[in-house]
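**Student:** predicted coordinates and the sequence they were generated for:
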Amino acid sequence: MFASVEDLQKIAKDNAENAQKVFGSLSKGLQTIAAEIGDYSKKSFEDGSVALEQLAGAKTLDKVVEIQSGYAKKAYEGFVAQSTKVGELYVDLAKEMAKPFEGLMPKAK
């Protein structure tokens with residue numbers, strides 16, 4: 001199985017280094033995702049505040065419906081775009097975390 005104690009120690013050292021790389025990638029990736037979500041939340045709140053101010057100043061029902069429809073469309077499109085972006089960040093994070101272990105698995109032919 002193992003030729004010597006040195007081989008076992010080398011494997012343990014390599015695994016510890018790989019784990020350290022994974023935790024570093026995880027930390028960096030989660031910070032990026034949290035920052036992205038925080039920025040989106042801030043922008044979403046600001047957009048909602050602007051829409052509310054516009055609604056408060058609307059003089060007719062038609063204008064209220066127009067403002068609300070525009071805000072709903074913009075909010076939906078922003079949510080879909082943000083969801084896609086965060087999903088891509090999670091995929092990138094998973095790929096980055098797998099990199100240290102790529103050499104451990106035999107390649108499929």
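**Tutor:** Looks like it arrived, so ask away. Nothing here was measured: the structure is a model prediction, and the numbers come from that model.
**Student:** so in this protein, which helix runs the longest?
**Tutor:** helix 5-57 (DSSP state H).
**Student:** counting by contacts, list what the lowest-mean-pLDDT helix or strand in the chain packs against.
**Tutor:** Within the chain, no helix or strand scores below helix 5-57, which has a mean of 91 by mean pLDDT, DSSP states H and E. Identification of packing neighbours for helix 5-57 by 3 or more CB pairs under 8 Å, 6 or more residues apart in numbering; DSSP states H and E yields helix 61-98. (Each C-beta comes from the backbone N, C-alpha and C, glycine too.)
**Student:** any idea of the angle the helix it packs on forms with helix 5-57?
**Tutor:** Angle of helix 61-98 versus helix 5-57, following axes from the mean of the first three to the mean of the last three CA atoms, to 10 degrees, is 170 degrees.
**Student:** buried ones in helix 61-98, by neighbour count?
**Tutor:** Judged by neighbour count (16 or more other CB atoms under 10 Å), helix 61-98 contains these buried residues: I67, Y71, Q82, L89, L93, E96, M97.
**Student:** how about the fifth one: what's its closest non-neighbour residue?
**Tutor:** Closest residue in space to L93, ignoring its immediate chain neighbours: G29 at 3.5 Å, by CB to CB, 6 or more residues apart in numbering.
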